[in-house]
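Student: Please work out how this folds:
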Amino acid sequence: MPQIFLAGMLGGIPAVLVTSPLELVKTQLQVQIGRATLTLLVLSNTEQENEQNGKPGYKGTFDCVRKIVQNRGITGLFQGVGATGWR
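Tutor: Just a heads-up that it's a prediction; the model follows:
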């Protein structure tokens, strides 16, 4: 039984590391217009300006990735990895 648990865990780690950044980008694209005011507290200055002007913050997938890395660093792409890993 411990071998099955270990095999599942070792298979799940790469899956989480690959899918979490993709899910983050997908979610950012889906909610870029019409976010609640409260979420402005966690956005960077550029993202706040776009939000206040009513402009979409991202033009597409690669633009979203570029802006996340530019504003939050490479680790910004891995927000939520811990929660996804526990799931």
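Student: I'd assumed residue 12 was in contact with residue 85.
Tutor: Yes. In terms of Cβ atoms under 8 Å, residue 85 counts as a neighbour of residue 12; the distance is 7.4 Å. In this view, the C-beta of every residue, glycine as well, is placed from N, C-alpha and C.
Student: Next one: residue 62 from residue 74, what distance?
Tutor: Distance, residue 62 to residue 74, using Cβ to Cβ, to the nearest Å: 15 Å.
Student: can you check residue 12 too?
Tutor: 22 Å.
Student: what's around residue 28, how many residues?
Tutor: 19 (other Cβ atoms under 10 Å).
Student: For it, what are phi and psi?
Tutor: phi -60, psi -40 (degrees, to the nearest 10).
Student: And the helices in the chain, which stretches?
Tutor: 2-30, 45-53, 61-72, 81-86 (DSSP state H).
Student: Which strands or helices does the last one pack on?
Tutor: Meaning helix 81-86. Helix 81-86 is packed against helix 2-30, with contacts defined by 3 or more Cβ pairs under 8 Å, 6 or more residues apart in numbering; DSSP states H and E.
Student: Enumerate every residue touching the nearest residue to residue 65 once chain neighbours are set aside.
Tutor: Nearest residue to residue 65 in three dimensions, chain neighbours excluded: residue 25, at 5.9 Å (Cβ to Cβ, 6 or more residues apart in numbering). When contacts are counted by Cβ atoms under 8 Å, 6 or more residues apart in numbering, residue 25 touches 61, 64, 65, 68, 77.
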